[in-house]
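# 3D, please:
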Amino acid sequence: MNVCILSKFPPIEGGIAAKSYWLARGYAEAGLSVQVVSNGNIVEDEYRIKGCYPHIRGMKGIALHEVTDDFPWHIPDEQHSIARLIDRLIEVHHAAPIDIVDAGYMVPYGIAAYFFHCISGVPYIIRHGGSDIEKFLNAGRLGNLLKKVLHGASTIVSDPSRSETFSEFEGKVRILPPYVPDERVFHPREREDRSIPGLLFMGKLNWYWERKGLARIIECLDVLPESWKQQFIGQGKGEEGFSAFLREKGVGDVVIGPFVPPWEVPEVLNGSDFVFCLSIDEPIQSFSNLLVEAACCGATIIVDRNFDSSPYQLLSNSVEDFILRVPCENPDTMAEEIVRSWDGRTKNRSARNIQFTPLFEEYIRKNINILEQASK
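Have a look, this model is predicted:
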């Protein structure tokens, strides 16, 4: 089967791009020919991961096709991402006929899949992100078009927390976990020095960076032992605002590193004992890849006391063993609870293994079954 993944994909950062990357690897390993059509080459620099192409070009069974970057200026000036994606899909299809399109996000990828289907007759399945639901479907934006896109899909892949959104499409909805890490690459590895813990924040630094608890994290770090290691990885259009906050607080030793590609994340997590996954009044609650990947690597995930872990318990009934709930509004108490957790936990993380159900191989099999059924 020649499957085309039409989605965010590295060098685009973020959860959807990472899911698409691991899905492509799983498909190729299972023997499928994988074409990836994406627009990572025209994404803003703030949301681009550097140095991805050598790795991607070396992946067996996977070919990345990006949209043309030679686009004339005209009035009104706009990206025309959907038109560029459709044009690239047609080109890829002519070179090696596509059997099924796996669209990883409704806007713009699902829309492009719909129009490509109208042109070529190639069936498509469609997945969604949290923004698809909240910013478009629930807000009534592009409602007429998106209804056509959903009706035209052979299958709509959703998760248990969002299944009611697609009640009118009940016959074509398939429920899967939002993401399952590959336990062969995400697993605990021993470090020589376990006496000094490492703390990690990794994520987008958008203009609403406060909602990720970054101000609370900085206040907490000021109370934690100075010897503890800290690492900040992130980019975004709010980076300047966050840097200004650090200067205002007189924090000069926080270094913000650039995004790392999905295949380097396991190494980062294995150097981290605590991973911050805070959410302070975020309007769109989304499943966190990072949380489950950190748990796979044996890290403790720091969340707010009001954190809802139920979406993750569908993957593993032991996920709570890896979660530390802290009072984000009180940096002193927050730091005390983190120190208490470190003092009380086993320094050998090999004893902290989590197993997800399904495992990655079974998750890929279920996705391939969806592709096979949809392409008939």
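# surely Q373 is within a helix?
Yes. Counting by DSSP: H, G, I helix; E, B strand; the rest coil, one finds Q373 located in a helix.
# how close does it sit to L199?
Q373 sits 45 Å away from L199 when distances are taken as C-beta to C-beta, to the nearest Å. For the C-beta atoms, the positions are set from N, CA and C on the backbone; glycine is no exception.
# between these two, which one's more packed in?
The residue with more neighbours, out of Q373 and L199 and counting by other C-beta atoms under 10 Å, is L199; that gives 23 against 13.
# dump the residue contacts of the more buried one.
With contacts taken as C-beta atoms under 8 Å, 6 or more residues apart in numbering, L199 has the following neighbours: 221, 224, 228-231, 272-276.
# check T155 too.
Contacts for T155 were tallied using C-beta under 8 Å, 6+ apart; they are 125-126, 172-174, 370, 373-374.
# and those, which two are furthest apart?
With C-beta to C-beta as the measure, no two of the contacts of T155 lie farther apart than I126 and Q373, at 14.2 Å.
# which among the contacts of L199 end up buried?
221, 224, 228, 230-231, 272-276 (16 or more other C-beta atoms under 10 Å).
# so which of those sit within helices?
L221 (DSSP state H).
# between the buried ones among the contacts of L199, which is closest to H187?
S272 (14.0 Å).
# ok so, going back, quick one: which of the buried ones among the contacts of L199 is nearest K135?
Relative to K135, the closest of those is F276; by C-beta to C-beta it sits at 25.1 Å.
# what are the contacting residues of the helix or strand bottoming out on mean pLDDT in the chain?
Considering only helices and strands, the least confidently modelled element of the chain by mean pLDDT, DSSP states H and E is helix 130-131, at a mean of 86. Helix 130-131 has contacts (C-beta under 8 Å, 6+ apart) with 107, 284-287.
# all strands for this protein, in order.
Per DSSP state E, the chain carries strands over the ranges 2-6, 33-38, 62-66, 100-103, 124-126, 155-158, 173-175, 198-202, 229-233, 256-257, 274-276, 300-304, 323-326.
# quick one: the ones you listed as CSV, columns for distance to R247 too.
As requested, these are arranged in CSV below (distance: least, C-beta to C-beta, whole Å):
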stretch, distance to R247
strand 2-6, 42
strand 33-38, 36
strand 62-66, 37
strand 100-103, 43
strand 124-126, 44
strand 155-158, 43
strand 173-175, 47
strand 198-202, 18
strand 229-233, 15
strand 256-257, 13
strand 274-276, 21
strand 300-304, 25
strand 323-326, 26
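# can you put these in JSON lines and add distance to F136 and mean pLDDT?
What follows is the strands of the chain, written out as JSON lines (distance: least, C-beta to C-beta, whole Å; pLDDT from 0 to 100):
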{"stretch": "strand 2-6", "distance to F136": "17", "mean pLDDT": "98"}
{"stretch": "strand 33-38", "distance to F136": "20", "mean pLDDT": "98"}
{"stretch": "strand 62-66", "distance to F136": "24", "mean pLDDT": "98"}
{"stretch": "strand 100-103", "distance to F136": "14", "mean pLDDT": "98"}
{"stretch": "strand 124-126", "distance to F136": "13", "mean pLDDT": "98"}
{"stretch": "strand 155-158", "distance to F136": "14", "mean pLDDT": "96"}
{"stretch": "strand 173-175", "distance to F136": "17", "mean pLDDT": "94"}
{"stretch": "strand 198-202", "distance to F136": "27", "mean pLDDT": "96"}
{"stretch": "strand 229-233", "distance to F136": "29", "mean pLDDT": "95"}
{"stretch": "strand 256-257", "distance to F136": "31", "mean pLDDT": "94"}
{"stretch": "strand 274-276", "distance to F136": "29", "mean pLDDT": "97"}
{"stretch": "strand 300-304", "distance to F136": "27", "mean pLDDT": "95"}
{"stretch": "strand 323-326", "distance to F136": "31", "mean pLDDT": "96"}
